[in-house]
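Student: No sequence on hand, only this structure:
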């Protein structure tokens, strides 16, 4: 794996965000309240994500309990856990299979940056292969932090215009990651 | 195979009684259990509004402490960086100049002190390593951000403000430093 | 490998001239609960063969351990079997204590037993409730996760973290049990059984569940031993091998508990064995908690390995030197070779440590039970249906972190 | 459970294998036998069937790399366990790094399969007679054996680290 | 005609609305059973949750997998949705409103083969799943489709046989008649609802209905832990919405049919004290209350029980449910024959039963005559 340019998140908040039409707002609110996650849980953070689904934290309150393991139906890719270099192409494939609009939540130190595993086999942050919207720190993060991250995703979703996914910036972003626009 | 420990006991019983073969008793029993839970008080902590209580020793966001006079405790000895398994701490040290005694307690201080919160695994080893009672983990949580760079916590976010002290007195690791 | 007596086909007609398809179970299939791939060759729903690919979250633990000082390895072991990190932590600490010849006080032993058995409960709860989820009964899972949260709270009181605990230090504990811990564990011990029984009632004698799990993924005792099974999965096959009894560590010889075993090594046996082990663990915790001796929570006679109390660091030069030495990893350790095994959540968790006297281990190898028994999976599911394969996988409790190291 | 001491085990093995037992020690109570590399398979097979020792459980196979020990750079450790007698045993053999090959024991223990593959993956130890000796944890495209001492642990692409601060 | 149109539109809207809110109900019931809260952020108590889901799905990118069959991929969810919606047409939702000149039935169409119509429509529904699963060109989807079709075929038989039992007792295939037969609550010294006359039949029907709706413990076609999403694995956006919607509409209709067939539909104890519009409204409410109770039972079962394995499902369908239904049919037949006097030497009743053979549907009407004396 060569040197990959790091892209700093997805710039939505300060882009078109302020010119939302009413339709954008309504659809944004609808989308934000019905984010179906695809838990790409590989390791420890996956257990904390299970804890988030459990009774004590209940991610269902945000309308997020319907997990869709099929990428076609998912809106949010929750990457929780270490992504090794062997797994990176699969992660990218899953991301590509997801239907627009899609968001990515990177949960935990391993997914965000490799964390403690600065080793030959671990990808140093998933933002080297797919664009990440929200980072959740912690190893593993508490369910509170995961919920916090989801709420940040909701904020992002609400402020996104319907046209963003067709915009040139977005196409450019995908191109940077060498993702083909379906 | 003979018993290795003389303590074994077969626990699985695969023979079904007639009642169990009928499906219904167990099904109704199970449904009765779930039905009772319908009326139980829910166990959920509505997170953003209600916050769950953390243990006082919880290992959350770090704080760089000041002493009672508001001087920074850190002397930039670098033990925390060495102790960090994730190699998330970086710092540069500088000599204290004249007239800065009210800012820094020791002769040397950390000019920059950065923790990469995305790397950090919150293991608490830096807190244990610190010989100057400077760095502590607190029960605050590191928030989530949209951008990667936001997670590099410099001194602006780590050093406790003079007027907003962070209470770490309940952490049992705290030794009483003699005056 | 093919003609084992345990793998009787569910289908009477073996000669159906069907079309054979390949099916990818994984790497991101919901049933894998982690990331590993099974390429199944199926004839209809029947599995003819399967090939596994592992290593998707290979994190190079063993290499990492060669680059970290001894006291920084505890956080790494957390991430082996993350369902029961305290067992890993303490297994590592005991390995180090064995190497440097430290005798910890009895109280530390008992404290360790309490934490380790809590971890075992937590581990088995995840496994068994996930079996429930894979059969389609999600509710039991949520009931058990509420109990797991209580265990998390107990960890949190001792070490300050929920999952990756980094609990305990070489030579003892970082801090004594706090008063809140005592309150919480008493409550836990009192109430856990009631909730656990509820979960038991939901599934154990339900015929649908029994039909699903009995004869799903069986393995005979001989084959299991040949494959190197340990832990609940071996006990489900009827062999009462338990490290806690065979080579007692941390004063396990003081406690009275039985070793639950199954008969055929199928999913139901594994479920039952884990259920009973949870009860036995609870019993051990009660015994350890009631008989906990007085004393220090660390080994006071090894200042060169256990960090001195902070107050001493500020006042005593000697303590400050030790403090620096430990943190910098400059304390000399004996040259030697240790193998220490503990009964982890999934079986014998071994630490093979070769020390050359340096600040880091020369070689540290983990005996990771998951890695060793997961290779039996194709044999166990041969001739069974896809549904059985899913259940077998979850009842084996294959933890990806431990599998791939 | 019979009380089989380490000496008894050692004597019995030496009786059978004599000169092939190069060395033996007991670090921390665990009998360690260094055996001639080409005799490991025979020894382990014999241990499994021997009616006194009954060492019939393979606990662990692992490699180690000692670059300074010329001609014996690669070490293969077999941890064996006699469940009936509750005696553990470590058998090891040293191999030269130019030709680190040893006979596979997959025909004795099925469970040795993956462990041997792992050792191959990490150290490049060739287990002769192994049915499928390929990499298991790392990518197939990897062209070195990462656990050997000369290779780096760190991922070269990490940017957020300044090595000056870590003393390593 | 206009009234019919209004009923059609109202029924359409109500069915869709109910199906949408059933998703919320399911999530809430699941949450409460699991000591959780469930959706509560979209609107008060999460009431806008279904709208949010719908809105999201509507604006989600709609795409077709590369290797999928283009037309069949679209037709699949269409069939599923269409068939599930038309079944509601023959269900009598409330007692007829008695106007001065005519009585207006609260029913889209009083087809005299109502129950057959439902069975038929439901059988078509499986084509949607089958086509959808096949067209996706995905193995998991295909597995789901195959499971769905074989499951439907197996359980339809038992369902049909159990329905025949009711038809035999009623003497009519019209749902309207079947409901009217169960007038009130207590009649002729016994409960008038069919559930008390045919408990075994009810159990068989309930189980087969669960299977027909692909609900747990028979949710093998979707079976998240094994087949990811089953037949709808490759579907996204509103096409998936159609499938999910169809499932809930089916559940609603099944529960309505259960309450109509076995729990007296809109009949309730003491209904004779009311008349006119009050009766219609009360009857409608009672009917919906019964339906929702069964929907709750469906959900309750789903969140309690583990699911069967494929071969066990077949085993239960063919070796348990069908024999049980057949035996029940036989017993019912014998009992009816006995009460009809087939075994007695009485010539009159024998001639009556001979006459019955000439009836167009081949079922007895004499029982109806004797038992439905005070029904409409």
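Tutor: The structure has been received and is ready for your questions. Remember, it's a predicted structure, so these values are computed and weren't measured experimentally.
Student: wait, doesn't residue C:223 sit right on residue C:382?
Tutor: No. Proximity of residue C:223 to residue C:382 does not meet the contact threshold set by Cβ atoms under 8 Å, at 12.0 Å. Yep, even glycine has a C-beta here, placed from its N, CA and C like the rest.
Student: For chain E, what's its nearest residue on chain A.
Tutor: Nearest to chain E, among the residues of chain A, is residue A:30, at 3.1 Å (Cβ to the nearest Cβ).
Student: quick one: the helix ranked longest in chain A near chain C?
Tutor: In chain A, ranked by residue count with DSSP state H as the criterion, the top helix is helix A:143-158. No. If you take Cβ under 8 Å from any Cβ of the partner chain as the test, helix A:143-158 misses chain C, and the best it gets is 8.6 Å.
Student: and what of stretch B:107-120?
Tutor: No. Stretch B:107-120 does not reach chain C (Cβ under 8 Å from any Cβ); its nearest approach is 11.1 Å.
Student: Okay, and the beta partners of the closest residue to residue C:240 other than its chain neighbours?
Tutor: With Cβ to Cβ, 6 or more residues apart in numbering or on different chains as the criterion, residue C:240 has its nearest non-adjacent residue at 3.6 Å, and that residue is residue B:8. Residue B:8 forms beta bridges with residue C:259, as assigned by DSSP bridges.
Student: What does the residue nearest in space to the middle of chain A show for phi and psi?
Tutor: Note on chain A: the residue nearest the mean C-alpha position is residue A:104, at 1.0 Å, using Cα atoms, centre = their mean. Note on residue A:104: its backbone torsions stand at phi -130, psi 130 [degrees, to the nearest 10].
Student: Tell me which residues touch it, please.
Tutor: With Cβ atoms under 8 Å, 6 or more residues apart in numbering or on different chains as the criterion, the residues that contact residue A:104 are A:76, A:77, A:79, A:95, A:126, A:130, A:131, A:132, A:133, A:134.
Student: ok, those residues vs residue A:108, which is closest?
Tutor: residue A:79 (8.5 Å; Cβ to Cβ).
Student: The closest one: which element?
Tutor: Under the criterion of DSSP states H and E, residue A:79 resides in strand A:76-80.
Student: ok now that strand, how far from the chain's centre?
Tutor: Between the mean C-alpha location of strand A:76-80 and the chain-wide mean there is a distance of 5 Å, by Cα atoms, centre = their mean, to the nearest Å.
Student: That one and chain E, are they touching?
Tutor: No. Counting by Cβ under 8 Å from any Cβ, chain E is not contacted by strand A:76-80; separation bottoms out at 11.2 Å.
Student: Okay, now the sheet partners of that strand, with direction.
Tutor: Take DSSP bridges as the rule and strand A:76-80 pairs in its sheet with strand A:37-41 (parallel), strand A:103-107 (parallel).
Student: Reformat the ones you listed as CSV; add mean pLDDT.
Tutor: Output for the strands paired with strand A:76-80, formatted as CSV (pLDDT from 0 to 100):
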stretch, mean pLDDT
strand A:37-41, 86
strand A:103-107, 90
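Student: and residue C:290, how many residues sit next to it?
Tutor: Here the count is done by other Cβ atoms under 10 Å in any protein chain shown, and residue C:290 has 9 residues near it.
Student: And it, how far from residue C:110?
Tutor: When Cβ to Cβ, to the nearest Å is the yardstick, residue C:290 and residue C:110 sit 10 Å from each other.
Student: Now do the contacts for the closest residue to residue D:86 other than its chain neighbours.
Tutor: The shortest distance from residue D:86 to any residue that is not its chain neighbour, by Cβ to Cβ, 6+ apart, is 5.5 Å, and that residue is residue C:246. Counting by Cβ under 8 Å, 6+ apart, residue C:246 touches B:4, B:5, D:83, D:86.
Student: Now flag whichever of the residues you listed is closest to residue C:333.
Tutor: Using Cβ to Cβ, the shortest approach to residue C:333 within the contacts of residue C:246 belongs to residue D:86, at 28.5 Å.
Student: That closest one reaches residue C:247, doesn't it?
Tutor: Yes. With contact taken as Cβ under 8 Å, residue D:86 and residue C:247 are classed as touching, separated by 7.2 Å.
Student: do the lowest-mean-pLDDT helix or strand in chain A and chain E meet at all?
Tutor: Taking mean pLDDT, DSSP states H and E as the measure, chain A has helix A:168-176 as its least confident helix or strand, at a mean of 79. No. Helix A:168-176 lies out of reach of chain E by Cβ under 8 Å from any Cβ, never closer than 12.6 Å.
Student: quick one: buried residues of that helix?
Tutor: A:170, A:174 (16 or more other Cβ atoms under 10 Å in any protein chain shown).
Student: Ok, stretch D:60-72 next?
Tutor: Burial within stretch D:60-72, assessed by neighbour count using 16+ other Cβ under 10 Å, is assigned to D:60, D:61, D:62, D:63, D:64, D:65, D:66.
Student: Turn those into JSON lines, columns for secondary structure and pLDDT.
Tutor: Written out in JSON lines, the entries for the buried residues of stretch D:60-72 read as follows (DSSP: H, G, I helix; E, B strand; the rest coil; pLDDT from 0 to 100):
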{"residue": "D:60", "secondary structure": "strand", "pLDDT": "88"}
{"residue": "D:61", "secondary structure": "strand", "pLDDT": "89"}
{"residue": "D:62", "secondary structure": "strand", "pLDDT": "88"}
{"residue": "D:63", "secondary structure": "strand", "pLDDT": "88"}
{"residue": "D:64", "secondary structure": "strand", "pLDDT": "88"}
{"residue": "D:65", "secondary structure": "strand", "pLDDT": "89"}
{"residue": "D:66", "secondary structure": "coil", "pLDDT": "88"}
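Student: and which of those is nearest to chain E?
Tutor: The shortest approach to chain E among the buried residues of stretch D:60-72 belongs to residue D:60, at 32.9 Å (Cβ to the nearest Cβ).
Student: what's near enough to touch that closest one?
Tutor: By Cβ under 8 Å, 6+ apart, the neighbours of residue D:60 are C:339, C:350, C:352, C:365, C:367, D:77, D:78, D:79, D:115.
Student: Filter these down to the ones in strands?
Tutor: Counting by DSSP state E, the part of the contacts of residue D:60 found in strands is C:339, C:350, C:352, C:365, C:367, D:77, D:78, D:79.
Student: Which one of those residues is nearest to chain A?
Tutor: The shortest approach to chain A among the ones in strands among the contacts of residue D:60 belongs to residue C:365, at 15.9 Å (Cβ to the nearest Cβ).
Student: Residue D:62 is in contact with the closest one, correct?
Tutor: Yes. Taking contact to mean Cβ under 8 Å, the distance of 4.2 Å between residue C:365 and residue D:62 places them in contact.
Student: Give the residues shared as contacts by those two.
Tutor: C:352, D:77.
Student: Count the residues that sit near residue C:99.
Tutor: For residue C:99, the tally of surrounding residues (other Cβ under 10 Å) stands at 24.
Student: With residue E:240 instead?
Tutor: Burial of residue E:240 is recorded as 25 neighbouring residues (other Cβ under 10 Å).
Student: Check for me that it belongs to a helix.
Tutor: Yes. Assignment of residue E:240 by DSSP: H, G, I helix; E, B strand; the rest coil places it within a helix.
Student: which ones are touching it?
Tutor: Contact partners of residue E:240, counting by Cβ under 8 Å, 6+ apart, are A:72, A:73, E:57, E:77, E:232.
Student: Which of those fall in helices?
Tutor: Going by DSSP H, the helices hold E:57, E:77 from these.
Student: with the contacts of residue E:240 in mind, which one is nearest to chain D?
Tutor: Distance from chain D was checked for each of the contacts of residue E:240 by Cβ to the nearest Cβ. The minimum falls on residue A:72, at 28.0 Å.
Student: wouldn't that closest one be in contact with residue E:243 here?
Tutor: No. Using Cβ under 8 Å, residue A:72 is not in contact with residue E:243; the gap is 11.9 Å.
Student: Now the common contact residues for these two.
Tutor: Counting by Cβ under 8 Å, 6+ apart, the contacts common to residue A:72 and residue E:243 are residue E:235.
Student: in chain A, what spans have low per-residue confidence?
Tutor: Under the criterion pLDDT under 70, the flagged ranges of chain A are A:1-20, A:180-182.
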